[in-house]
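Chemist: next comes the sequence, and after it the predicted model I'd like to discuss.
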Amino acid sequence: MSDDTTKQQLWLWLKSEQAFGLDSVVLRPVAEGVGAEAATVAGPPAALPLSRKEKIERLAAMDREEVRPCTRCRLCESRKKTVFGEGDADAKVFFIGEGPGENEDLQGRPFVGRAGELLNRMIASMGLKREQVYIGNIVKCRPPGNREPAPDEVATCTPYLVRQLEIIRPQVIVTLGRPATSYMLQTKLAMGKMRGQWHNWRGIKLMPTFHPAYLLRSYTEENRAAVWSDLKKVMAEVGLPIPDRK
Ligand code: SF4
């Protein structure tokens, strides 16, 4: 990893910690001529209780001032629009996908193609409107040809997502598909071993489930039942009534 990339990631990490109220970091040299490492973190460790208005303002400022003009990784070269994410700044449920596709790149909004329509149906089946949840991705620019984001692109972009999560502080995170789940849980396990079970991300419950695009490709009774089972667990966790169907 280059010095520039390391500095960028350190800067983004500092910004994310600011959302939690960090007010200072002491840097000390690791060894003569080697550079410095973050040695001591001062400031309150717990999340600041933000009002809905403050959350909306912080999210809008991050999008406007940092994400839209962002050129921190090569994905900026081919994108048409950045896709920050959208939804309720006070959402109880935060869905995380892999990255923008063609339609998302054109519109600057997450999950607006066929997979988005299915995600909307999944959200509706939970008794929620799309505007009542938050939807984002692990990278904010479209990988060319809809390829999976490369590890360095994910590492460079995800501090934005982490800050969104820290600002919104949802009750539950739902990761859609393997790339998002692998990043959030820092594991290479297969989806079959991760979905359907509760995990923990910085004190927030996390439920992995299949990506709607995968579900469209493999629209089997078994996969639909698996997703519905995962969503019912999320509904129970956030106190939503579970309809007697599916
Ligand atoms: S993918 Fe993320 S880090 Fe890369 S250019 Fe887009 S916003 Fe910046």
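Modeler: Here it is on my side, so go on. Residues are numbered from 1 along each chain as shown.
Chemist: does Val93 touch Val174 like I think?
Modeler: Yes: counting by C-beta atoms under 8 Å, Val174 is a contact partner of Val93 at 6.2 Å. Every residue, glycine included, has its C-beta placed from N, CA and C.
Chemist: give the intersection of the neighbour lists for those two.
Modeler: Jointly contacting Val93 and Val174 under the rule C-beta atoms under 8 Å, 6 or more residues apart in numbering are Val234.
Chemist: what about Thr71, neighbour count?
Modeler: The number of residues packed near Thr71 is 9, by other C-beta atoms under 10 Å.
Chemist: show me the strands in this structure, by range?
Modeler: Secondary structure of the chain (DSSP state E): strands at 24-29, 36-42, 86-87, 93-97, 134-137, 172-176, 199-201, 204-209.
Chemist: partner strands of the shortest one and their direction?
Modeler: By that I understand strand 86-87. Sheet pairing for strand 86-87, assigned by DSSP bridges, gives strand 134-137 (antiparallel).
Chemist: average model confidence for the strand it pairs with?
Modeler: Average pLDDT, strand 134-137: 98.
Chemist: now do stretch 70-78
Modeler: Rounded mean pLDDT across stretch 70-78 is 98.
Chemist: tell me which residues of that stretch are tucked away?
Modeler: Cys70, Arg72, Cys73, Leu75 (16 or more other C-beta atoms under 10 Å).
Chemist: same question for stretch 77-89.
Modeler: Buried residues in stretch 77-89 (16+ other C-beta under 10 Å): Arg79, Lys81, Thr82, Val83, Phe84, Gly85, Glu86, Gly87, Asp88, Ala89.
Chemist: mind checking how far stretch 118-133 is from the chain centre?
Modeler: When distances are taken as C-alpha atoms, centre = their mean, to the nearest Å, stretch 118-133 is centred 17 Å away from the chain's centroid.
Chemist: stretch 207-216 now?
Modeler: With C-alpha atoms, centre = their mean, you get 15 Å for stretch 207-216.
Chemist: for that stretch, which outside residues touch it?
Modeler: 97-98, 101, 111, 114-116, 118-119, 122, 172-178, 180-181, 185, 191, 194-199, 223-224, 226-227, 230-231, 233-234, 237.
Chemist: what are the C-alpha coordinates of that stretch, in CSV please?
Modeler: Extracted in CSV, the C-alpha atoms of stretch 207-216 (Å, rounded to 0.1, in the frame of the first residue of the first chain):
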residue,chain,number,x,y,z
MET,A,207,-28.0,-10.0,9.5
PRO,A,208,-26.6,-11.2,6.2
THR,A,209,-29.0,-12.3,3.5
PHE,A,210,-28.8,-12.9,-0.3
HIS,A,211,-28.4,-10.0,-2.7
PRO,A,212,-31.6,-9.3,-4.6
ALA,A,213,-29.6,-9.7,-7.9
TYR,A,214,-28.6,-13.2,-6.8
LEU,A,215,-32.2,-13.9,-5.9
LEU,A,216,-33.3,-12.8,-9.4
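Chemist: so for it, what's the average pLDDT?
Modeler: 97.
Chemist: buried residues in that stretch?
Modeler: Met207, Pro208, Thr209, Phe210, His211, Pro212, Ala213, Tyr214, Leu215.
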